[in-house]
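>>> Below: sequence and its predicted model.
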Amino acid sequence: YASYTRRSAPHTLMAGAQDQGYQRAFDPPTTGVLPMEQTISGDYGSLTSTDGGNNVWMVYPGFAMVDTATTTPGRGPLPRWDFSDNGLEGSEFIPALAAMPGQPNRALLAGGRFGGGSHHQVVELTLANGNITHVADPQVFPTAIGAVAYGANPAIRHVLDTGGRFWTSEAGAPYSTVTPAGPTVTTFRGTDILLDPSRPGRIYVAGAGYSNPAVFVSNDGGITFAPMANGLPSTLITRLAISQDGRHLFASARLGAFYYDSAAQQWVDLVTGGAPNQHYTDVDYIDALGVARFSTYGRGIWDFAVAGAVVVTGPTDEPRLDGYALPTPNPPNASCPAGFFSAVVDDGPGAGLTAGAFGMELLLNDPGTRVLAGGLNFCGLIDAGQVGFAGFTIANAANENQRLRLNLTGSPSSNSSASLPVRVR
């Protein structure tokens, strides 16, 4: 049904299969038949993680479960949250699940009904001290829930139902709703929500594409949507996946595996390149390997290697990216016409603070000069009691004088409109 690969070495491959259960291959080769260790039998899917695969959530038709030691062989029973024991009924066979950014011990479940009736609710799950508890979102949805996602800000929740509606709520406010396929279309049975990690506000949604397009894209955070189905057959899209730089977008579908050619603005059928003609149930993109990993219904897992894909090297605490070509902005960006990228440096997964020195070095290729049309922009969230700094040098071979404009602002995390003194030394 689905797979998830740990983002850094060892690249543990975790798979959820029909009847064959939840299985893992520890730092496997990228080709050939892999030896897998079964942790538990049954049907598992919707594998999700926000800390690179250290903690991986998944669902069985009757419960949600989380693996907190994905690189450790021989694991015993994993923490689980049982649907019926907690009064949840009427969920999809394998409901959607989304781990929370920044808090990998939490996940949003596309739930069902509490206490009978025909309504549907989403459920937030929290793992603490080996036990999973839940809080049901008070919003009642009129049809079953096909997909859930957190926004870039975890206070934002997105829901795609099976009646063609996309819902958004922030910080507990009432949900707003739009219909990506049009106000009268109810045949767009939603299956996935994907946020572009490189372009804030860009959201892809996918689902049934028999009487309408199967993929839509929003560039304004889900307020409006446009179809994005050129090249796709009439099919059901089961999952979307994207590279961290937003350059490579993939879709798994009932009728094959697809890659979006942004230059031609159309989907390309990967089955014509040698992949099996099969029902594809899931796709996962692993930037460190330059691979889109497709799960199939009955033919195992197949990898599509992206030519010239970015591969990160170096140890986990000092990753290195060499010879990186800036992606052409799409849509065009007047401030950075030649392209741009964003790098985020944090103190590691989980809540709380981790001691250490954190920073980033940017080296421009020799020889000659470079025009940095958009400049170098540094920003950061500084926790109380820490001293934050950002330092950089811009130079060229002639060692000419440079002019630097630096603006620093500060605000408490509890009130972004307030201000804090900023010291430069």
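Alright, I've got the coordinates.
>>> where in the stretch 51-200 of the chain is pLDDT low?
Within the stretch 51-200 of the chain, not a single segment meets pLDDT under 70.
>>> Which residue ranges of it form strands?
Assigned strands in the stretch 51-200 of the chain, in chain order: 56-60, 63-67, 80-82, 88-89, 97-100, 103-109, 113-114, 123-128, 131-136, 145-150, 156-161, 166-170, 176-178, 190-195 (criterion: DSSP state E, counting those that start in this stretch).
>>> Which among those strands is found nearest to residue 264?
strand 190-195 (20.3 Å; Cβ to Cβ). C-beta: built from backbone N, CA, C; applies to glycine.
>>> buried residues in stretch 143-156?
By neighbour count on 16 or more other Cβ atoms under 10 Å, the buried set for stretch 143-156 is 143, 144, 145, 146, 147, 148, 149, 150, 151, 156.
>>> so how far is it from its chain's centroid?
Centroid displacement of stretch 143-156 relative to its chain, using Cα atoms, centre = their mean, to the nearest Å, is 12 Å.
>>> Same question for stretch 37-51.
Centroid separation between stretch 37-51 and its chain, computed with Cα atoms, centre = their mean, is 17 Å.
>>> what's the first-to-last distance across that stretch?
End-to-end distance of stretch 37-51 (Cα to Cα, to the nearest Å): 22 Å.
>>> Also stretch 261-280?
The straight-line separation of the ends of stretch 261-280 (Cα to Cα) is 19 Å.
>>> Reformat the buried residues of stretch 143-156 as CSV; add distance to residue 227.
CSV is the format used below for those (distance: Cβ to Cβ, whole Å):
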residue, distance to residue 227
143, 21
144, 23
145, 22
146, 18
147, 18
148, 22
149, 20
150, 25
151, 22
156, 24
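>>> List just the nearest of those to residue 210.
Distances from residue 210 to those, taken as Cβ to Cβ, are shortest for residue 146 (14.8 Å).
>>> Contact partners for the closest one?
Going by Cβ atoms under 8 Å, 6 or more residues apart in numbering, residue 146 touches 92, 96, 110, 160, 161, 162, 189, 190, 191, 192, 207.
>>> and among the strands of the stretch 51-200 of the chain, the most buried is which?
strand 56-60 (a mean of 27; mean count of other Cβ atoms under 10 Å).
>>> Partner strands of that strand, with direction?
In its sheet, strand 56-60 lies beside strand 45-48 (antiparallel), strand 63-67 (antiparallel), with partners assigned from DSSP bridges.
>>> from the buried residues of stretch 143-156, which is closest to residue 251?
Nearest to residue 251 out of the buried residues of stretch 143-156 is residue 147 (Cβ to Cβ; 13.5 Å).
>>> Pretty sure the closest one sits against residue 194.
No - with contact defined as Cβ atoms under 8 Å, residue 147 does not count as touching residue 194 (9.0 Å).
>>> Identify the spatial nearest neighbour of residue 84, chain neighbours not counted.
Leaving aside its sequence neighbours, residue 84 sits nearest to residue 62 (Cβ to Cβ, 6 or more residues apart in numbering; 6.6 Å).
>>> Tell me if I'm right that the one you found and residue 83 touch.
Yes - here residue 62 reaches residue 83: they are 5.3 Å apart, a contact under Cβ under 8 Å.
>>> of those two, who's got more company?
residue 83 (22 against 14; other Cβ atoms under 10 Å).
>>> ok so, going back, if I look at residue 147 and residue 194, which residues touch both of them?
Common contact partners of residue 147 and residue 194 (Cβ under 8 Å, 6+ apart): residue 205.
>>> still on that earlier bit, how about CSV for the contacts of residue 146, with distance to residue 199 added?
Output for those, formatted as CSV (distance: Cβ to Cβ, whole Å):
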residue, distance to residue 199
92, 29
96, 23
110, 25
160, 19
161, 25
162, 27
189, 26
190, 21
191, 22
192, 18
207, 21
